[in-house]
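K.L.:
I'll drop the sequence and a predicted model, then ask my questions.
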Amino acid sequence: MDAPEKFVQIVDFETDRIEELRKLGEEMDQRFAGRSGGPTHRLILKDRNRPNRYLVVIEFDSYEQAMANSNDPETTKFAERMAALCTRPPSFTDCDVQEMTQLT
């Protein structure tokens, strides 16, 4: 049987309060540390061409783990607190990873 495919969620948001969002993210990292089924990697990107626009790429071992994480009440609270710090509602894109290559 094949291993479950990796799954990535991309969160696109705008904020003029990025330091507060970073602190919120660090708080969530501490809460979720050691918890099975949570994100395995997170990448935070800042758009060079649009000030205050950010993308967060969050990797999970599977779609099922990502959905379990999304349905967790702690994740819901985090999303509400995050949205309150944004200048527009965040948008979410769900992606099945088709290929991943380590280049170095």
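P.N.:
Nice, thanks for sending it over. These numbers were taken from a predicted model, which means no experiment stands behind them. Residues are numbered from 1 along each chain as shown.

K.L.:
next SSE after the longest helix seen in the chain?
P.N.:
For the chain, the longest helix by residue count, based on DSSP state H, is helix 18-32. Of the helices and strands lying after helix 18-32 in sequence (DSSP states H and E), the nearest is strand 41-46.

K.L.:
chain center to that following strand, what's the gap?
P.N.:
8 Å (Cα atoms, centre = their mean, to the nearest Å).

K.L.:
tell me the confidence at residue 3?
P.N.:
Here the pLDDT value assigned to residue 3 is 56.

K.L.:
go on, residue 89?
P.N.:
Listed pLDDT for residue 89 reads 95.

K.L.:
tell me the buried residues in the host helix or strand of it?
P.N.:
Per DSSP H and E: residue 89 is located in strand 88-96. Using 16 or more other Cβ atoms under 10 Å as the test for burial, strand 88-96 gives residue 90. From N, CA and C alone the C-beta is placed, and that goes for glycine too.

K.L.:
okay, which residue is most central for this structure?
P.N.:
Nearest residue to the geometric centre of the chain (Cα atoms, centre = their mean): residue 58, 3.9 Å.
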